[in-house]
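Engineer: Below are the sequence and a predicted model; questions follow.
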Amino acid sequence: MEMLLVFFAHLNMCESKEKTFFKVMHRSGKEETSIEAKIRAKDKRNRLSLLLQRPDFHEDTPTSRFALLAKEPRVSPEEAVKWAESFDKLLSHRDGLDAFTRFLKTEFSEENIEFWEACEDFKKCKEPQQISLEAKAIYEKFIQNDAPKEVNLDFHTKEVITKSITQPTLHSFDAAQSRVYQLMEQDSYTRFLKSEIYLHLLEGRPQRPTNLRRRSRSFTYNEFQDVKSDVAIWL
């Protein structure tokens, strides 16, 4: 009968059984640890890849902001010239209002023109119930402290609106609208007339990518606490 002999070159047969067993188990444990580490590293890379693909991850990058400017109205240079005559002429023209809104978005101050437009629409309300509902919506969106699109108003103006919001009238926001109008006219409007958006309209040229001031998305530590900076996890 033939006998099959198996030699373990990495084992020292002169050593005790306990010592040999310990070496084998120790080596096996290292291999398992190495495999687990690679699996964890791969999992971290996959999670980071998914995070980078999330739409809200890029929501405030120049590329995504430029997407808001992609649809440019067809305006003749002759018409665009008139917008420089006064701020009123700019806002009274639908395309002028759109172009100015697109410009404010590049400066992240579009809440001003949105508030002004909301006030214009509010003045058209006729029913008492509609006035009350619209006034409350404008107050919660633009006026109250920590509103999602809070406009820059002085304390006195905000206080008057806050006290009258329970029984609003069509003139409840007149002072605030006038204040925001002046801010846009004296500040944003002058920059708009020097902006690429406006200059391209004057020259009849298509819209080019605009240099935007980036407002980065706020990340919390918890989102990245599992992603190590060690280069080894990318290998």
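Structural biologist: Sure thing, it's come through.

Engineer: Low-confidence ranges, this structure, go.
Structural biologist: Residue ranges of the chain with pLDDT under 70: 1-39, 41-73, 205-235.

Engineer: can you give me the helices in this structure?
Structural biologist: Listed in chain order, the helices of the chain (DSSP state H) span residues 17-53, 62-67, 77-82, 87-92, 94-106, 110-122, 128-138, 155-164, 174-183, 189-192, 196-203, 221-224.

Engineer: can I see the domain layout of the chain?
Structural biologist: 26-59+217-235, 62-203 (automatic domain parsing).

Engineer: wait, isn't K123 in contact with L170?
Structural biologist: Yes: between K123 and L170 there is a contact under C-beta atoms under 8 Å: 5.5 Å. No exception for glycine: its C-beta is placed from N, CA and C like everyone else's.

Engineer: Pull out the buried residues from stretch 74-84.
Structural biologist: For stretch 74-84, the neighbour count (16 or more other C-beta atoms under 10 Å) marks 75, 80, 83 as buried.

Engineer: I'd say the second one and H200 touch.
Structural biologist: The reference is to A80. No: using C-beta under 8 Å, A80 is not in contact with H200; the gap is 9.3 Å.

Engineer: and for those two, which residues touch both?
Structural biologist: Taking C-beta atoms under 8 Å, 6 or more residues apart in numbering as the criterion, A80 and H200 do not both touch any residue.

Engineer: out of everything not next to it in sequence, what's closest to E117?
Structural biologist: Counting by C-beta to C-beta, 6 or more residues apart in numbering, E117 lies nearest to L97, which is 7.9 Å off, once chain neighbours are set aside.

Engineer: so the one you found sits right up against L90, yeah?
Structural biologist: Yes: proximity of L97 to L90 meets the contact threshold set by C-beta under 8 Å, at 7.2 Å.

Engineer: Neighbour count for these two, which is higher?
Structural biologist: With neighbours defined as other C-beta atoms under 10 Å, L97 and L90 compare such that L90 has more, 23 against 17.

Engineer: Please name the residues that touch that one.
Structural biologist: 83, 96-97, 100, 189, 192.
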